[in-house]
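Q: test case, fold it:
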Amino acid sequence: MSEPSTAHLPAASVICVGIATLDYIYRVESLPTEGRKYRASDLEVQGGGIAANAAVAIARLGGTSALVTRLGDDLTGDAVRTGLMREDVEIAASAAIAGARSPVSAIMVDKAGERMIMSYSDPAMPVEPDWLPEALPPGTGAVLGDTRWEEGALHMFQLARRAGIAAVLDGDRKPVDPCLLTAATHVAFSEVGLEEQTGLSDVRLALSSFAPGCCWLAVTAGARGVWICDHGEITHVPAFEVTAVDTLGAGDVWHGAFALALAEQQPEMAAVRFANAAAAIKCTRFGGRKGAPTRAEVEQFLQERT
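A: Here you go, the predicted model:
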């Protein structure tokens, strides 16, 4: 494994830890339902992955972002690293694993903006976070982690707790390690992730099932908005109405925008509204990460909807 020097971990608005992929994104009339040939009307080949997309979103929104991830020392990894550097994401603290294969995804997006994803991650990719730093650089505003590398996210969340800054978990899918939930200051689940965590399909009941005061909790539900559980009180924040073209990456953009807003010391409700706006704009554009908005676009969007 090529181990990055911990001295290269820079101070950033948000340090993101988790997965980075190379995505092949196909636009199709409808999602496949049977085994036959299909023809795509458009194709985008670009970087993806929860933490990586969030890091790009943060950079486009005017923050500084660093990504801590694991990639192979292969051509796919080279393409992912090149794309991140073009987006001004700091990657010096990421590792290239000798002999490992970098994550890759094939994604189909239909005319309604819904998507089907087939992803691959090398099961031989090492999970130990022993090469990560023992302290965050002074000036770091927040840490954002995903569930694709829980060991790395847990380590970085513990550092964030020690530094007294936000540790934001994107609870995208599968039951999350309870230690990771305890380490996070803010957890925002997807609807599927929340149901898998609690076994409950009702959003309010699922949020209420957590121990009181465990942390700030939310669930993002696309066009239905966001439900928040703060000290046992559940609040609903509506989504902005837009015509969706592609929902791929919208959740990643939401989490990146939310973490950046917290790093900027915005109140949590303001951070949710800021994140809702960023995600809404992304949904109006085809191409996953390519649709992440700039800060000026989000501020104009919010002004027009005040």
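
Q: quick one: contacts of the longest helix seen in the chain?
A: In the chain, assigned by DSSP state H, the helix with the most residues is helix 268-283. For helix 268-283, the external contacting residues (Cβ atoms under 8 Å, 6 or more residues apart in numbering) are 57, 61, 113, 186, 216, 218, 220, 225-226, 228, 230, 235, 237, 239-240, 242, 244-247, 249-251, 253-258, 261-262, 266, 291-293, 297-298, 301-302, 305. In short, each C-beta sits where N, CA and C put it, glycine included.

Q: any idea of the mean pLDDT for it?
A: The average pLDDT within helix 268-283 is 98.

Q: same question for stretch 132-140.
A: 92.

Q: ends of it, how far apart?
A: Chord length of stretch 132-140, first to last residue, is 15 Å (Cα to Cα, to the nearest Å).

Q: thinking again about what came up before, which of the contacts of helix 268-283 fall within helices?
A: Short answer: the contacts of helix 268-283 in helices (DSSP H) are 57, 250-251, 253-258, 261-262, 297-298, 301-302.

Q: please indicate which of those residues are buried?
A: 57, 250-251, 253-258, 261-262, 298, 301-302 (16 or more other Cβ atoms under 10 Å).

Q: nearest to residue 170, out of those residues: which one, please.
A: residue 255 (4.5 Å; Cβ to Cβ).

Q: measure the closest one to residue 52 for me?
A: Going from residue 255 to residue 52 by Cβ to Cβ, to the nearest Å gives 12 Å.

Q: same check, this time on residue 225
A: 26 Å.

Q: the two: who's more crowded?
A: Between residue 225 and residue 52, residue 52 has the larger neighbour count (other Cβ atoms under 10 Å), namely 34 against 16.

Q: show me what whichever strand or helix holds the more buried one is packed up against.
A: Using DSSP states H and E, residue 52 falls within helix 50-60. In terms of contacts (3 or more Cβ pairs under 8 Å, 6 or more residues apart in numbering; DSSP states H and E), helix 50-60 is packed against strand 14-17, strand 65-68, helix 75-86, strand 142-146, strand 166-171, helix 250-263.

Q: how many degrees apart are the third one and helix 50-60 in direction?
A: Going by axes from the mean of the first three to the mean of the last three Cα atoms, to 10 degrees, helix 75-86 is angled at 20 degrees with respect to helix 50-60.

Q: and helix 75-86, what does it pack onto?
A: Short answer (3+ Cβ pairs under 8 Å, 6+ apart): helix 75-86 packs on strand 21-27, strand 42-48, helix 50-60, strand 70-72.
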